[in-house]
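Visitor: What follows is a predicted structure for the sequence shown.
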Amino acid sequence: MTSLIVYADRWVALAAVLAALAAAILAWRRGDSTWGREARLGVWLLAAVAVLAILLPVFGYWAGGRTHSNAIGGLLPWNDAAGYYNCARALVDGGVLDSFCQRRPHYSGYLTGLFALSGERLQLTLLLQAGVIALAAFLFVRVITRRWGLAAGFMALAPVVAFAGEYSITTLTENLGLPLGLVAAAILLTGVQPRRTGALAFGAFLLSVAINARAGAFFVLPLLVLWPLLLRELNLAGRIKLAAALFVSVAAGFVVGPVLTTLLGGSADSTHANFSYTIYGIVAGGKGWLHIYQVHPELVAKSLPESVRAANVYAATWDLFQQQPGLTAQGLLKGFLKYLERILKYIPLLPVRILVVLAWLTGIVTIVRRRTPETALLGLLALGVALSAPILAFDAGLRIYAATIAVDAAIVAFGTVTFLGWLARRRTDTASVLAAEWPAGGAASWAVAFVLLLAALVLPVALRHSAEPAGRTVAENSCAPGSVASVIRPGRTTGILPVVAAADRGTWPVRASADDFTTRVDRYTFGALGFEQARAGTTYIFAYDLGEGRYGQTFVAVAQDLTVPLDGTLQILCSREWPDAPLDGVRYVTSIKALVE
């Protein structure tokens, strides 16, 4: 039973598929041609599965002391996640946005808002983040259920919870792109038929913000703008008017990032600067974004501003394309093959993935054969993902699909109801379900969307401009010679992960069992061998320095056999360099004691 919770992210999609099968069987036995579309009890079950399937993997990491490649022990930010954590912490204290986060400022702002709501407690922040994803997922599949029935809703939930289970434990941009993409899809779908221009425009804006927050399938957006031109029931003027509204909404989504970056103390032209690295990798024959560092390190030197690096790389890209244009075609072909190989691959269990892919393929075939506003929309969005994938497939793995998971999920739902109707030999009934209008309403989706935008765009700006950080003074003799004094607040601004004996492990706050922690390190984790050497009595500290003169600096420290309070009280942390450390760059804690003010 413990292992089921610890590795919940590996089976939650299975639970959603089983629930879909159960709902389909019950509807079939009752002769329900709507496949449970009006089942009120089913809605409560849908909500329960959505919440549990997204929250359980989070608690599984904590209960099992698992280390994600971006979250040590399922708690402390690591690699890119540490960068976004640092940016959010700086913004809470009135600092400026680091150059790393200026590329995509949305999530740093969102994380800042979550920190403010959680009282700057990392574990509670992660729980709130997962809760938002669960709510967005339910609202999305609720729209699917009201349109195509309960079985389709559960099937649509499967890819969503599988993807969320991989990233909800981290402080990465996927955790804003995913919920924004889900509520955007929910609002867009309710505006399709009959056409509700307000819903379509707002949904397009949200989707644009989502794809800018977690860079992904950008070609989805121009194809969304072209969708009205395929609507036969509209005259030419009506098509152009709707396309213009969608264009303005999509364009507005691109403006958000540069404006937010500027308001948070960064440079507007740094937005998506690192995308140039990806383009160079494609033009070089599909070598990935790191290739520029290997062949032209001088163009991307850390001393250069982000905007200058991007300009350098784009210039080098154009030169390379002119010299060897065939490499670009080679790179795009490689990327497209990767896309085909990775379709819905974020669903870990192969049998479950096969079932979901079959539903997805059925949906694609139905979309091609049926000519309706919704099939045109879903078809164009799917095409946008496919066209974008060859460019992005080499970098960031499956993370690029965060903002457009809802597209695949909706196609899975569409294929499910089609397949069930064929299986039950109820072609007429199924046709009536497919032809029904999308439900009106969706006020909850609009509300969640506005709250997400408020937390990501407005709250961080307000916090930054209202913060008045005050560095804590530490006596010069607070630490032994050779050690540096820092002021930390363990359990609040500073993340703490104690590695303890099995009998002392816990979930809230996280205390990882030494045996669990050392055997459950993701093999892709930077420094995995070092973490595997941990023993009971080791404490990992993601320190945020509140000391005068060092305010806002962060570093990772390791304490051995020292008690670190977790109650949020101010502590003086004494640490020194650790040349023989099992992890590069960490400091060794020599002592920790309460700060008396």
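Guide: Cool, the structure landed. Numbering: from 1, shown residues only.
Visitor: The closest residue to Cys479 other than its chain neighbours: what's it in contact with?
Guide: Spatially, and ignoring its direct neighbours in sequence, Cys479 is nearest to Cys574 (3.6 Å; CB to CB, 6 or more residues apart in numbering). (Each C-beta comes from the backbone N, C-alpha and C, glycine too.) Going by CB atoms under 8 Å, 6 or more residues apart in numbering, Cys574 touches 478-480, 483-486, 589-592.
Visitor: hang on, Cys574 in a helix?
Guide: No. Read with DSSP: H, G, I helix; E, B strand; the rest coil, Cys574 is strand and lies in no helix.
Visitor: how about the nearest residue to Ile72 once chain neighbours are set aside, what does it touch?
Guide: Once flanking residues are discounted, Ile72 sits nearest to Trp78: 5.1 Å by CB to CB, 6+ apart. Counting by CB under 8 Å, 6+ apart, Trp78 touches 68-72, 525-526.
Visitor: Output the contacting helices and strands for the host helix or strand of Met155.
Guide: Per DSSP states H and E: Met155 is located in helix 150-167. If you count contacts as 3 or more CB pairs under 8 Å, 6 or more residues apart in numbering; DSSP states H and E, helix 150-167 packs onto helix 12-30, helix 40-64, helix 122-148, helix 174-190, helix 350-369, helix 405-423.
Visitor: Can you name the element that comes right after the shortest one?
Guide: This means helix 174-190. Next element after helix 174-190 (DSSP H and E): helix 197-213.
Visitor: packing partners for that following helix?
Guide: helix 105-118, helix 174-190, helix 220-226, helix 236-263, helix 443-453.
Visitor: So which of those helices is the most surrounded?
Guide: Counting by mean count of other CB atoms under 10 Å, helix 174-190 has the highest mean neighbour count of those, with a mean of 29.
Visitor: tilt between that one and helix 105-118?
Guide: Put simply, helix 174-190 runs at 100 degrees to helix 105-118, going by axes from the mean of the first three to the mean of the last three CA atoms, to 10 degrees.
Visitor: Helix 150-167 and helix 174-190, what's the angle between them?
Guide: For helix 174-190 against helix 150-167, the angle by the same axes, to 10 degrees is 160 degrees.
Visitor: now the angle between helix 443-453 and helix 174-190, please.
Guide: Going by the same axes, to 10 degrees, helix 174-190 makes 150 degrees with helix 443-453.
Visitor: Over helix 174-190, what's the mean pLDDT, rounded is fine.
Guide: Helix 174-190 comes out with an average pLDDT of 94.
Visitor: try stretch 564-582
Guide: 90.
Visitor: Distance across that stretch, terminal residue to terminal residue?
Guide: Taking CA to CA, to the nearest Å, the first and last residues of stretch 564-582 lie 21 Å apart.
Visitor: Over to stretch 477-497?
Guide: Stretch 477-497 has an end-to-end distance of 28 Å (CA to CA).
Visitor: buried ones in it?
Guide: For stretch 477-497, the buried set under the neighbour-count rule, 16 or more other CB atoms under 10 Å, comprises 478-479, 483-497.
Visitor: what does stretch 382-399 give?
Guide: For stretch 382-399, using 16+ other CB under 10 Å, the buried residues are 382, 384-396, 398-399.
Visitor: what does stretch 561-574 give?
Guide: For stretch 561-574, the neighbour count (16+ other CB under 10 Å) marks 562, 564, 566, 570-574 as buried.
Visitor: same deal with stretch 533-550?
Guide: Of the residues in stretch 533-550, 534, 536, 538-547, 550 count as buried by neighbour count, 16+ other CB under 10 Å.
Visitor: Would you mind writing the CA trace of it as PDB?
Guide: The C-alpha trace of stretch 533-550 is given here as PDB (Å, rounded to 0.1, in the frame of the first residue of the first chain):
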ATOM      1  CA  GLN A 533      25.700   8.900  -0.100                       C
ATOM      2  CA  ALA A 534      23.300  10.600   2.400                       C
ATOM      3  CA  ARG A 535      22.900   9.000   5.900                       C
ATOM      4  CA  ALA A 536      20.500   9.500   8.800                       C
ATOM      5  CA  GLY A 537      21.500  12.800  10.400                       C
ATOM      6  CA  THR A 538      22.100  14.600   7.100                       C
ATOM      7  CA  THR A 539      20.100  17.800   6.600                       C
ATOM      8  CA  TYR A 540      19.900  19.500   3.300                       C
ATOM      9  CA  ILE A 541      19.300  23.300   3.500                       C
ATOM     10  CA  PHE A 542      18.200  25.500   0.600                       C
ATOM     11  CA  ALA A 543      19.300  28.700   2.400                       C
ATOM     12  CA  TYR A 544      17.900  32.100   1.700                       C
ATOM     13  CA  ASP A 545      20.200  34.600   3.500                       C
ATOM     14  CA  LEU A 546      18.500  37.300   5.500                       C
ATOM     15  CA  GLY A 547      21.700  38.700   6.900                       C
ATOM     16  CA  GLU A 548      22.700  42.300   6.500                       C
ATOM     17  CA  GLY A 549      25.000  42.700   3.500                       C
ATOM     18  CA  ARG A 550      24.100  39.300   2.100                       C
END
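Visitor: Give the rounded mean pLDDT of it.
Guide: If you average the pLDDT values across stretch 533-550, you get 91.
Visitor: Please apply the same query to stretch 350-370.
Guide: pLDDT averaged over stretch 350-370 gives 92.
Visitor: what separates Pro194 from Trp11, distance-wise?
Guide: Look at Pro194 and Trp11: by CB to CB, to the nearest Å, they are 40 Å apart.
Visitor: Kindly report the same for Tyr110.
Guide: Separation of Tyr110 from Trp11 (CB to CB) stands at 29 Å.
Visitor: cool, Arg342 as well?
Guide: Arg342 is 20 Å from Trp11, by CB to CB.
Visitor: The two - which one has more neighbours?
Guide: More neighbours surround Trp11 than the other of Arg342 and Trp11, with 19 against 15 (other CB atoms under 10 Å).
Visitor: List the residues that contact the more buried one.
Guide: Trp11 is in contact with 4, 349, counting by CB under 8 Å, 6+ apart.
Visitor: going forward, begin numbering at 144 instead of 1
Guide: Fine by me, first position is 144 from now on; the one you just mentioned is Trp154.
Visitor: quick revisit: closest to Ala655 out of the helices and strands packed on helix 293-310?
Guide: helix 183-207 (8.2 Å; CB to CB).
Visitor: Compute the inter-axis angle for that closest one and helix 265-291.
Guide: 150 degrees.
Visitor: helices or strands next to helix 183-207 in the packing?
Guide: Judged by 3+ CB pairs under 8 Å, 6+ apart, the packing partners of helix 183-207 are helix 145-149, helix 155-173, helix 265-291, helix 293-310.
Visitor: any idea how far Asp723 is from Gly673?
Guide: Taking CB to CB as the measure, Asp723 falls 11 Å from Gly673.
Visitor: Of those two, which one has the most company?
Guide: Gly673 (16 against 5).
Visitor: What strand or helix carries the more buried one?
Guide: Per DSSP H and E: helix 671-674 holds Gly673.
Visitor: ok, back up a step: deepest in the core, which of the helices and strands packed on helix 293-310 is it.
Guide: Among the helices and strands packed on helix 293-310, ranked by average contacts under mean count of other CB under 10 Å, first place goes to helix 317-333 (a mean of 29).
Visitor: could you give the angle of that helix to helix 548-566?
Guide: 50 degrees.
Visitor: So which elements touch helix 317-333?
Guide: helix 248-261, helix 265-291, helix 293-310, helix 340-356, helix 548-566, helix 586-596.
Visitor: which stretch among the ones you listed comes nearest Thr404?
Guide: Thr404 lies closest to helix 248-261 among the helices and strands packed on helix 317-333, at 4.6 Å (CB to CB).
Visitor: The closest one - contacts with which helices or strands?
Guide: Counting contacts by 3+ CB pairs under 8 Å, 6+ apart, helix 248-261 is packed against helix 223-235, helix 265-291, helix 317-333, helix 340-356, helix 379-406, helix 602-609.
Visitor: which residues in the stretch 394-543 of the chain form helices?
Guide: Here the stretch 394-543 of the chain has its helices, by DSSP state H, counting those that start in this stretch, at 418-426, 434-438, 449-466, 469-484, 493-512, 516-535.
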